[in-house]
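**Student:** no sequence for this one, just the structure:
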Ligand SMILES: Nc1nc2c([nH]c(=O)n2[C@H]2C[C@H](O)[C@@H](COP(=O)(O)OP(=O)(O)OP(=O)(O)O)O2)c(=O)[nH]1
């Protein structure tokens, strides 16, 4: 099968939901229920961008559907390509820091468990069975929040 051109990947969006964009200490992670190859793995809540949606609109919609929260978007965690982080041969994901501006997150759809995990130190976050493609995103996320913790430099807004 022919590989899609790099700019024709299926666009996925994900939320790095933190307790606070100004002083992030914990990340909300979600355990998938499907499909079988991803069931039981942890991920950034989110999903596919539908026709006619911007990435930001899609992310707000997904987080409301899946977690029941209204999302305040902070900075993007930039990936290596225009479409963000490669997930597989056919899809890439853009990821933003997010804080809930309303609602208490609950596993309403696609997940059977949510967990607030400390960003630093890394052990608890790294020990979870993540979707493998998400690991480089976690590294970038922790580097960004580590800088914020160490230097107090900038919030993630
Ligand atoms: N949401 C999300 N998807 C991820 C991550 N990492 C990763 O490889 N993926 C993959 C799994 C899926 O193949 C695809 C996202 O599809 P999805 O099933 O979450 O999309 P969706 O909520 O729109 O679901 P649907 O309407 O198609 O059922 O991206 C991640 O961290 N978060």
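**Tutor:** Good, I have the coordinates. Computed from a predicted structure; not experimentally measured. Numbers count the residues shown, from 1 in each chain.
**Student:** Okay, helices next: where are they in this protein?
**Tutor:** 55-67, 123-127, 135-151 (DSSP state H).
**Student:** Which of those sits closest to the ligand?
**Tutor:** helix 55-67 (5.9 Å; Cβ to the nearest ligand atom). Yep, even glycine has a C-beta here, placed from its N, CA and C like the rest.
**Student:** Report all helices and strands that that closest one contacts.
**Tutor:** On a contact count with 3 or more Cβ pairs under 8 Å, 6 or more residues apart in numbering; DSSP states H and E, helix 55-67 meets strand 10-18, strand 26-32, strand 46-48, strand 70-77, strand 91-102.
**Student:** what's the most buried one of those strands?
**Tutor:** strand 10-18 (a mean of 23; mean count of other Cβ atoms under 10 Å).
**Student:** what inclination does that one have with respect to helix 135-151?
**Tutor:** 30 degrees (axes from the mean of the first three to the mean of the last three Cα atoms, to 10 degrees).
**Student:** does any bit of strand 10-18 sit next to the ligand?
**Tutor:** Yes: using Cβ under 6 Å from any ligand atom, strand 10-18 comes into contact with the ligand via 12, 14.
**Student:** Same check on stretch 48-61?
**Tutor:** Yes: using Cβ under 6 Å from any ligand atom, a contact is recorded between stretch 48-61 and the ligand, made by residue 48.
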